[in-house]
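*Asks:* sequence and predicted structure, then a few things I'm wondering about:
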Amino acid sequence: MNSLPETPNLDHLKRQAKDLLAAYRRHQPEAMDQFRRHLPVVRGASDADLKAAGLRLADAQSCIARAYGYASWADLRAMVELLRLRASDVPALRLLFAQRAYGGDLSGHMDGAQPRAAAQVLERHPEITQGCVVTAAGAGAVEPVRAALQRGTDWINQPGGPLMLTPLVAACHSGLLGQHEHRAAVLEVIRLLLEAGADVSASVASRWPPASLHAQDETTPLSPLYGAAGVIRDPEAVRLLLAAGADPNDGESLYHAVENVDCLRLLLEAGARVTGTNALYRVLDFHAPIALALLLKAAPGAPELQGAGLLAWAIRRRRAPEIFAVLLEGGCDPAARTAQGQSLWELALRYGLREVAEMLRAPGSPTAMSGQDRFLAACAAGEAAVARDLLSQEPGLIAALKEAELTLLPELAAAGASKAVRLMVELGWPIEVKGGDWGASALNQAVFRGDAQMARFLLERGASWQAQHGFGDDVSGTLCWASQNRPVPEGDWVACAEALLEHGLPGVRRDPNHPGAVLMAGRPRQFSDAVTECLLDGPVG
C-alpha cells in the first residue's frame, strides 16, 4: 500500500489518476495490473475483460485512492486537505469537519455529506471537540458535551460552531449518526441534550444554494426531527425526539421519511398528517409498497385519493403492478379520468404499461383505440415493428401529436426507458420537446440520471446541450447538480461530461475568485470532482 507524503498535493494525485487512465487506454500491463489489484469491480479480471470494461476517470481516481488505503476519492481528498492544514489551526479543522459531516442544506454547498471523510478529520484531530460544544455534538463526543452540561445550559439552544447550528440540530443532522461506528455515541449526545432541556422545535434556516450561511432561506426551517427522520433516517433518534415532544408535522419530516419504513411508521403513530405534505406523491418516486400502504391507511378519504392524480402519477413514474394494487386497495378510483378527459387504462398503455392497463380497465369498457393511441402505446413499450407499421400506414402520426402527447419523450427519458426513447427519436420525434416535472428536454433528463448511453445517443441525433429546462438553465447546469447529488446511484456523470464535450460543451477553467468553483464560458459552475477533472481537459469556451 502506498503512503501519502507529509504534505500531499491534490493536483499531483489528480495527475496520477489521469496518467493511470491514459496508460490503461494504451493497455499497458502495469496499469492493467493496478486496476486489477485495487478496483473491486475488476479485481482479478482478464485483460480482455479489463479492456471491455471501458474504465473512466472516476474509476482511475477510485483506484488511486484505494492504492493509498482510502475507500473513495472523496476520502482521499479529505485526508489531503486535512494533512495540509496546520494542527494548530483548530477553527479550520472544525470547518473541514462540518463541511464533510453535513449536506448542502446546512453547509451552503451542493455536495452531499461525506461522513467517512468527516470521521477521518475527527480521528486525526479529536481536539476539535474541545471548546466547541456544537462540534462535539455533531461528532458524538459524549464527554465534552456532558462536561459542558455540568457547567450550565445557557448555551443549549444557541446556534454556534462553524455552521451556526444548535447542538441538537448538529447531532440530528450529522452524517456520523448514519455511521455504524459513531451512531451510538451521537445517539447518546442526543439523549443528553434532550434530558437537559434542549428545544426540539429550535430549527435553523436552510443554506441550500442560492441561499448560503450568510444569507439563509428562512422559509425552509430545518428541525432536529427532519435531520433524524428525513436526512439520516435513524428510527431511534426519531423515537427520542418524538418522546421529547417533537412535532411530526414540521412540514419536512414525513415527506422525506418515506424512504425509511421504520421512521415513517413512527411519525404516523405520533400523529403526522399525510394530507398537505405531498408524501403520497413522493413515495411513488420509489418502489415502496409498504410505505405507500402505511400512508394510505393513515389518510382514509384524503383529497389526494379523489380523481386520477395518484394513479396517473404512478403511471408516469412507470411503477410496477404491485404499486397499483396497493393504490387501488387504498381507495384510488380506476374509473377516474385525467384533467384532459383520458381514462387511466389508456394513459397506462400510452406509457407502455400493458399489465397495469388491464388492472385499471373497467369490466365491459371499450377497448378500441385510435391509430394514434396505438402508435403511442407501441412507442412507449418499445415495440418497434408495431410502431413502424402504424407509422407507415399513417405517415402524419407524429406531426399530428399535441404538445401533451409529445412530452412523452422526455417523460420516458426521465423514467430511464431507453428502448422507448431510442425508438421514438429514430421515428422522428421532436428531440427538443420539454416535459417531466421540471420542463426539461430528453437530454436534460438523461444527464440528470447519469445515463451516458442515452445522453450520447441523443447528442448524436442532434440534441443540444444548450436546451433550457424549467429552472432557467441548460444541460451544463443539470450536470452540475446531478454530478454532486447523484440522484440515481448507478449514474455515470463523467461519461455524460465526456459525451457533452464531444458535442460542443465548452471546457472549464479554475475560478480564481472562488476556490472549488470553475468558469464555463464565463459562468461560475461547480461540478463533482471527477466531472470537474474531465471538463478541465476540454476546450475552454
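*Replies:* Received it, and whenever you're ready, just let me know what you need.
*Asks:* buried stuff in stretch 239-253?
*Replies:* Of the residues in stretch 239-253, Arg239, Leu240, Leu241, Leu242, Ala244, Ala246, Asp247, Pro248, Asp250, Glu252, Ser253 count as buried by neighbour count, 16 or more other Cβ atoms under 10 Å. Every C-beta, even on glycine, is put in place using the N, C-alpha and C of the backbone.
*Asks:* typed the wrong thing, it's stretch 200-213
*Replies:* Under the neighbour-count rule (16+ other Cβ under 10 Å), stretch 200-213 has Val200, Ala202, Ser203, Val204, Ala205, Ser206, Arg207, Trp208, Ala211 buried.
*Asks:* distance between that stretch and the chain's centre?
*Replies:* 19 Å (Cα atoms, centre = their mean, to the nearest Å).
*Asks:* with only the CA atoms kept, save stretch 130-143 in CSV.
*Replies:* Below are the C-alpha coordinates for stretch 130-143, written out as CSV (Å, rounded to 0.1, in the frame of the first residue of the first chain):
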residue,chain,number,x,y,z
GLN,A,130,-12.9,20.6,22.9
GLY,A,131,-14.2,24.1,23.4
CYS,A,132,-16.9,23.9,20.8
VAL,A,133,-20.0,22.0,22.1
VAL,A,134,-21.7,22.2,18.7
THR,A,135,-18.8,20.4,17.0
ALA,A,136,-18.7,18.0,19.9
ALA,A,137,-22.5,17.3,19.4
GLY,A,138,-22.1,16.6,15.7
ALA,A,139,-19.1,14.4,16.4
GLY,A,140,-20.7,12.3,19.1
ALA,A,141,-18.2,13.4,21.6
VAL,A,142,-20.1,12.4,24.7
GLU,A,143,-17.7,13.6,27.4
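*Asks:* mind checking how far it is from the chain centre?
*Replies:* Worked out by Cα atoms, centre = their mean, stretch 130-143 lies 29 Å from the chain centre.
*Asks:* which residues of the stretch 351-500 of the chain fall in strands?
*Replies:* Ranges of strands within the stretch 351-500 of the chain: none, based on DSSP state E, counting those that start in this stretch.
*Asks:* for it, what spans make up the helices?
*Replies:* Along the stretch 351-500 of the chain, counting by DSSP state H, counting those that start in this stretch, helices occupy 354-360, 371-380, 384-393, 403-406, 408-414, 418-426, 442-449, 452-460, 475-485, 493-502.
*Asks:* now do the stretch 201-350 of the chain
*Replies:* For the stretch 201-350 of the chain, applying DSSP H, counting those that start in this stretch gives helices covering 224-226, 235-243, 253-257, 261-269, 279-282, 289-298, 309-316, 321-329, 344-350.
*Asks:* got the ones you listed as JSON lines, with mean pLDDT and distance to Arg26 columns?
*Replies:* As requested, these are arranged in JSON lines below (pLDDT from 0 to 100; distance: least, Cβ to Cβ, whole Å):
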{"stretch": "helix 224-226", "mean pLDDT": "98", "distance to Arg26": "50"}
{"stretch": "helix 235-243", "mean pLDDT": "98", "distance to Arg26": "51"}
{"stretch": "helix 253-257", "mean pLDDT": "95", "distance to Arg26": "47"}
{"stretch": "helix 261-269", "mean pLDDT": "98", "distance to Arg26": "49"}
{"stretch": "helix 279-282", "mean pLDDT": "96", "distance to Arg26": "47"}
{"stretch": "helix 289-298", "mean pLDDT": "96", "distance to Arg26": "49"}
{"stretch": "helix 309-316", "mean pLDDT": "94", "distance to Arg26": "46"}
{"stretch": "helix 321-329", "mean pLDDT": "97", "distance to Arg26": "48"}
{"stretch": "helix 344-350", "mean pLDDT": "89", "distance to Arg26": "49"}
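*Asks:* JSON lines for the ones you listed, including distance to Ala452?
*Replies:* As requested, the helices of the stretch 201-350 of the chain are arranged in JSON lines below (distance: least, Cβ to Cβ, whole Å):
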{"stretch": "helix 224-226", "distance to Ala452": "34"}
{"stretch": "helix 235-243", "distance to Ala452": "36"}
{"stretch": "helix 253-257", "distance to Ala452": "29"}
{"stretch": "helix 261-269", "distance to Ala452": "33"}
{"stretch": "helix 279-282", "distance to Ala452": "27"}
{"stretch": "helix 289-298", "distance to Ala452": "31"}
{"stretch": "helix 309-316", "distance to Ala452": "24"}
{"stretch": "helix 321-329", "distance to Ala452": "28"}
{"stretch": "helix 344-350", "distance to Ala452": "27"}
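*Asks:* Ala60: which of the ones you listed is closest?
*Replies:* Ala60 lies closest, by Cβ to Cβ, to one member of the helices of the stretch 201-350 of the chain: helix 253-257, at 34.6 Å.
*Asks:* by contact count, what packs against the closest one?
*Replies:* helix 224-226, helix 261-269, helix 279-282 (3 or more Cβ pairs under 8 Å, 6 or more residues apart in numbering; DSSP states H and E).
*Asks:* gap between Glu195 and Arg239?
*Replies:* Distance, Glu195 to Arg239, by Cβ to Cβ, to the nearest Å: 15 Å.
*Asks:* equivalent analysis for Ile156, please.
*Replies:* 21 Å.
*Asks:* what's the answer for Arg316, then?
*Replies:* From Arg316 to Arg239 the distance is 35 Å (Cβ to Cβ).
*Asks:* same deal with Ala101?
*Replies:* Distance of Ala101 to Arg239, given as Cβ to Cβ: 22 Å.
*Asks:* same question for Leu268.
*Replies:* 13 Å.
*Asks:* surely Tyr351 and Arg317 touch.
*Replies:* No: assessed by Cβ atoms under 8 Å, Tyr351 is found out of contact with Arg317, at 9.1 Å.
*Asks:* okay, these two: which has more neighbours?
*Replies:* It is Tyr351, of Tyr351 and Arg317, that has more neighbours when counted by other Cβ atoms under 10 Å, with 25 against 18.
*Asks:* mind giving me the packing neighbours of the longest strand seen in the chain?
*Replies:* Looking across the chain with DSSP state E, the single longest strand is strand 217-222. Helices and strands touching strand 217-222, by 3+ Cβ pairs under 8 Å, 6+ apart, are helix 104-107, strand 204-206.
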